[in-house]
Each structure stands twice: as C-alpha cells, then as structure tokens.
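Student: Sequence first, then the predicted structure, then my questions.
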Amino acid sequence: MISNLSIDEQMELLRRGTIEIVPEDELRAKLVKSQKTGKPLKIKLGLDPTAPDIHIGHAVVLRKMRQFQDLGHEVTIIIGDFTASIGDPSGRAITRPLLTPEQITVNAQTYYDQYCLILDPAKTQVRYNSEWLRTLDFADVVRITAKITVARIIERADFAARLADGRPIGMHEMLYPVCQAYDSVVLEDDVEVGGTDQTFNIILGRDLQRESGLEPQVAMFVPLLVGLDGVQKMSKSLHNYIGVTDAPKDMFGKVMSIADEIMPNYFELATSVPLEEVKQIEAGLKDGTLHPMDVKKRLAREIVAIYHGAEAAQEAQAEFEKVFSSRELPTDIPPINVKQADLKDGKMWIVRLVSAAGFAPSNGEARRLVQQGAVSLDGEKITDANAEITLADGQVLHVGKLKYGQIRIV
RNA sequence: GGCGGGAUUCCCGAGUGGUCAAAGGGAGCAGACUGUAAAUCUGUUGCGGAACGCUUCGGUAGUUCGAAUCUACCUCCCGCCA
C-alpha cells in the first residue's frame, strides 16, 4: 500500500539524515508517479558481505530503507557475493584480500539475520549479484565496459589518490563499480541508497542505466556514521563500532564513551528522535542548560531501545550507573575457571591468573598490567608482579576499567 | 622489453657491520584527573617466572667473530621509457 502522505511530507521524511539526493526533483517525480499508479518504487541497497557484523553505522542506511518500506515501497537487497570476490576498493588505501565462497555464504546469512532487525522482511527481497554477473561472458563485459571511459573510472577519489601516491590499483578493482552499476541495470531500480563512500558507484549506476535506455535511478547518500573514536568512520576493522547485536549494557557503555561533540550527529542518524527535538537538545548543550552526561544517557537509551526494547534500555542504564557511577560490582560477572591442579598450596602467580583469565594476551602484558596498578582482587590492588595469591571461590578479579571475572576453582 | 627506486615492529617512518628488540610520531593499553566524554599529565607497547635468554627488519642461501645494515638469487610493489 503506497502511503497517502503528501509528497512534501514524504520528502521531508526521506530527507532526514541524507547528505544529498541526486537529483531531488527526480525523486519527487518518482514519488508522485508511484502514488498515482499505486506501483511501489524499487529501492536498491547493495551489501558487501565482507564484514559479518552489522553495526549502527550500516543501520543508518538500513533505517532509511525502512522508511521507504513504511511509505509502501519495496526494497531489494543485493548481496554482492560476486563483487565480494573483487573486494570493494571504496575508501580503501590498499587492495582488499579476496573472500572465499564459503566465507561469503556464511557472512550473507549472518547479514540476513541482522538486517531483519531493522527492515520489514515482508517487503524485502534478497538477490545475489552472482546470479547475473557470473553468467556474463567476456564479450558482454567488453560491451558493458565500452560504455565507460578510463578517465571516468580514475576520477574516483580513492583511485585518484592511490594513483597519486604511487600505490597499486588492480585492474579488477576498476571493475567493481562497473559491476555495481550493472546490478542497477539488471534490477531496473528507482532509487539506490548508500553511504557517501558509494558516491561514485551509485552515480555510475545512473550513467549505465541511462546508457542502457532505462530511466536512471535516483541516488541517495547518507553520511557515514563516525565511530566511537569520533574521528574515523565506524567500522568493524577499526574496532570503533556498536554492533546491532551487541548486548544492551555493551551498547549503552559504548554510547557513553563517545565524544560530546558527536552526540547531535548520533541523534540525527542513529535514532528516531524528531529533528526538532534534536535541535533543542543541541541548543541546550550549547547554552549549558542540559548536562552532556544526561543527554548522552538519553542517547544511549534511545539507541539500545531500537534494538532491544525500552525495558532493556532502562536496565542497561541502571547497570551502567551501578558499575560506573556508584563503583559497585556488575550484576553478572563471568567466571574464571581455575584448575585445582594449577594451584600450589592454594596459591597462584598473579601474572598467570590475569593471562589465564583472558585479560591479557601474554604474560608480559599481564605483568605490565599488574605493575601499572590495573589489577585488583576483591577490591585490593595488587602491584607486585611476583605476588603469589591465595585464591578462593567467589573472589572477584578486576583488570583495567572494564574487565571483571569471578574465581571458580574446579 | 629496457633502466632506475623500494619492502623495517599494529601504522607511518629513522636506521648502511657491533653500543639494535631497533629513534621519533601515530594508534593502542594502563594509571591520575573526570562524566567509562574531551583535553592534560605519567607509564607502557616482540616472547619469556625475565637470564643481558630467545625470535624479529619481504624470502632463501652466503660473507663475517658479529648482519636490519654487505653479496647472490628469488618474490612483490612503484616510477620513467618503449
């Protein structure tokens, strides 16, 4: 059912959190046509099944897709299983390693499970681009690539940069945007949504559709969500992400660790808090009537609630306040199993305990942590790296700020 | 195909025979201060129950009392010319 909201209202909704819609009047025209004919628009989203975990940065795009679905349109997810064997050069300074078919299958399944948290499965179609790309023969490839010039390809920012710096570009990498553009030709989609790193690829899709006699897709760009470090884009490989399947308390904690300055950004991109309210919050932060920490707690609640529900969000906040504000022990402390056989007269070397608990990757690291005062047992700090500690069931080992474990002698 | 340049630790990057587990910066980790924010300060960042012990400077084989540093071959990358 196509929404009967006015086109202006729809545009208003869809514009939220986008950087650019190319071109905006074409989107409007498509919406008008769809409303008149009752025929839903086809919205395309390409996913590269490389990182098996979806984080709230990806969610920005997915949530935009969800809006389209709520307005009655249809989403097609393209799992780039074929293109993953090329490796998306987007934003990459170096050539990506290739994935095996097995990895791709596993990742694609994980993806599916995760984006169902955001999208409406009933209005989501999933296609694998190997379906059409694998069957092309070399003559087809020549015919397609003949429509694109080399100058056009190397004007792409990351290629240009690599060229200038003397870093290698594989010929196959130039084919990546071509494949993605060809997906749009096959799909005959109306709109493609993507992060700004997809600018070139999506625009190329427009060109190739036009060249192929189709009505070109509208390109919608959403900003890349900045990661927890506040500097680089959120990404799994940079370890600065919040996964959509993260436990509520982890999600909450991660949000609390972001820089104050990026809060408005997160409100706009990662929550459904009305834009007007976001503006008020921003103003409140500026004139000091709102305390940044309170605002951040609200933000954390909003985000956790999207993926785990409001109740879990409340609990996560309570737990957070308990552990970090009141400095009490967390509710659930994972056990550290210590074998009776590893004890000598009931004692264990502190360094071994820390590394055996998995709190340090090596004894050297564990030793350092002890010496730097990061380790305590039952609240008592241990700084002697040679200490032999008498262990008992139920003692709580605390390392650094975040790591807790409860001794269990087995 | 010809000629030239290059590969160092998580990243960048110094290091041209011993004083090199390898400067400096980034990033990370820990501590202090805090709001698990930022900023700042301090310490730390190959392994090892730690001994000047072991393993590391693209790979292999050498030269040498001694190699990240010299030689040969190999692999990969870059540039210019064709």
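Tutor: That came through fine.
Student: helix/strand/coil for whatever residue of chain A ends up closest to RNA strand B?
Tutor: Per C-beta to the nearest atom of the strand, residue A:253 is where chain A lies closest to RNA strand B, at 2.1 Å. C-beta coordinates here come from the backbone N, C-alpha and C atoms, glycine included. At residue A:253, secondary structure determined by DSSP: H, G, I helix; E, B strand; the rest coil is helix.
Student: Contact partners for it?
Tutor: Contact criterion C-beta atoms under 8 Å, 6 or more residues apart in numbering gives A:320, A:402 as the residues in contact with residue A:253.
Student: just the residues of the stretch 301-410 of chain A that are near RNA strand B, which are they?
Tutor: With C-beta under 7 Å from any atom of the strand as the criterion, the stretch 301-410 of chain A meets RNA strand B at residues A:320, A:324-325, A:349, A:352, A:361-365, A:367-369, A:372-374, A:386, A:388, A:400-402.
Student: Now go through those and say which are in helices.
Tutor: Using DSSP state H to define helices, the subset of those located there is A:320, A:352, A:363-365, A:367-369.
Student: For ChimeraX, write the select line for the buried members of the residues of the stretch 301-410 of chain A next to RNA strand B.
Tutor: One line in ChimeraX is enough to select the buried members of these, burial here meaning 16 or more other C-beta atoms under 10 Å:
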select /A:320,349,352,367,369,374,388
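Student: Low-confidence ranges, chain A, go.
Tutor: Along chain A, the parts satisfying pLDDT under 70 run over A:50-52, A:85-100, A:164-168.
Student: can you do 50?
Tutor: Within chain A, the ranges that satisfy pLDDT under 50 run A:91-97.
Student: domain ranges for it?
Tutor: Following the assignment in automatic domain parsing, chain A carries domains at A:7-222, A:248-325, A:335-409.
Student: mind putting these in TSV, distance to residue A:228 included?
Tutor: Written out in TSV, the entries for these read as follows (distance: least, C-beta to C-beta, whole Å):
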stretch	distance to residue A:228
domain A:7-222	10
domain A:248-325	6
domain A:335-409	13
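Student: quick one: which of those is nearest residue A:236?
Tutor: Of all these, it is domain A:7-222 that lies closest to residue A:236, at 4.5 Å by C-beta to C-beta.
Student: Who is the most centrally placed residue in chain A paired with across the strands?
Tutor: The geometric centre of chain A, computed from its C-alpha atoms, lies nearest to residue A:55 (C-alpha atoms, centre = their mean), at 2.7 Å. In this structure, residue A:55 has beta-bridge partners residue A:243, where bridges are defined by DSSP bridges.
Student: Make sure I have this right: residue A:75 is in a strand.
Tutor: Yes - the secondary structure assignment for residue A:75 places it in a strand, going by three-state DSSP.
Student: tell me the contacts of it?
Tutor: Going by C-beta under 8 Å, 6+ apart, the list of residues near residue A:75 reads A:43-45, A:65, A:68-69, A:119, A:123-125.
Student: And residue A:189, by the same measure?
Tutor: A:42-44, A:76, A:217 are the contacts of residue A:189 under C-beta under 8 Å, 6+ apart.
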